[in-house]
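A.B. asks: build me a model:
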Amino acid sequence: MGLLDSLFGNNTKKVQDFKNRDAVILDVRTQKEYDAGAISGSKHIPINEIDAKISEIKQWNKPVITCCASGVRSGNAAKTLNNNGVEAINGGGWKSLSKRL
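C.D. replies: Below you'll find the predicted structure:
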């Protein structure tokens, strides 16, 4: 896996591992972006609301795969979640992630 893959979420092996452990797909795009198309069954919390929803996310008691449009916001969200005790990885862009699920 190259540097860009690790930064922007092209980590197919980790995604499969998380999927096998019943991970939650968390889309962190804006409401408008999410409404225009999203992964079926994904949860939606915009990136600017992640900090306020850490307790709610912890209650899921599941690993989390974050996604957005390109992988930048989802990378930041995964880092925030990890820093707050939630097992999370950056799944990258939602369209490419949907092909790996």
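
A.B. asks: next up, the contacts around Leu97.
C.D. replies: Gly9, Val15, Ile25, Ile39, Ile65, Cys67, Gly91 (CB atoms under 8 Å, 6 or more residues apart in numbering). Bear in mind the C-beta positions are built from the backbone N, C-alpha and C, glycine included.

A.B. asks: quick one: buried residues of stretch 34-43?
C.D. replies: Tyr34, Ala38, Ile39, Ser42, Lys43 (16 or more other CB atoms under 10 Å).

A.B. asks: format the residues you listed as JSON lines; extra columns: pLDDT, secondary structure and distance to Ile54.
C.D. replies: Below are the buried residues of stretch 34-43 laid out as JSON lines (pLDDT from 0 to 100; DSSP: H, G, I helix; E, B strand; the rest coil; distance: CB to CB, whole Å):
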{"residue": "Tyr34", "pLDDT": "98", "secondary structure": "helix", "distance to Ile54": "20"}
{"residue": "Ala38", "pLDDT": "97", "secondary structure": "coil", "distance to Ile54": "22"}
{"residue": "Ile39", "pLDDT": "97", "secondary structure": "coil", "distance to Ile54": "22"}
{"residue": "Ser42", "pLDDT": "98", "secondary structure": "coil", "distance to Ile54": "18"}
{"residue": "Lys43", "pLDDT": "98", "secondary structure": "strand", "distance to Ile54": "14"}
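
A.B. asks: pipe these into JSON lines and attach distance to Lys99 per row.
C.D. replies: Listed next are these as JSON lines, based on distance: CB to CB, whole Å:
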{"residue": "Tyr34", "distance to Lys99": "18"}
{"residue": "Ala38", "distance to Lys99": "14"}
{"residue": "Ile39", "distance to Lys99": "10"}
{"residue": "Ser42", "distance to Lys99": "14"}
{"residue": "Lys43", "distance to Lys99": "19"}
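
A.B. asks: show me which of these is closest to Lys95.
C.D. replies: Ile39 (8.9 Å; CB to CB).

A.B. asks: what's the spacing between that closest one and Ser55?
C.D. replies: Per CB to CB, to the nearest Å, Ile39 is found 24 Å from Ser55.
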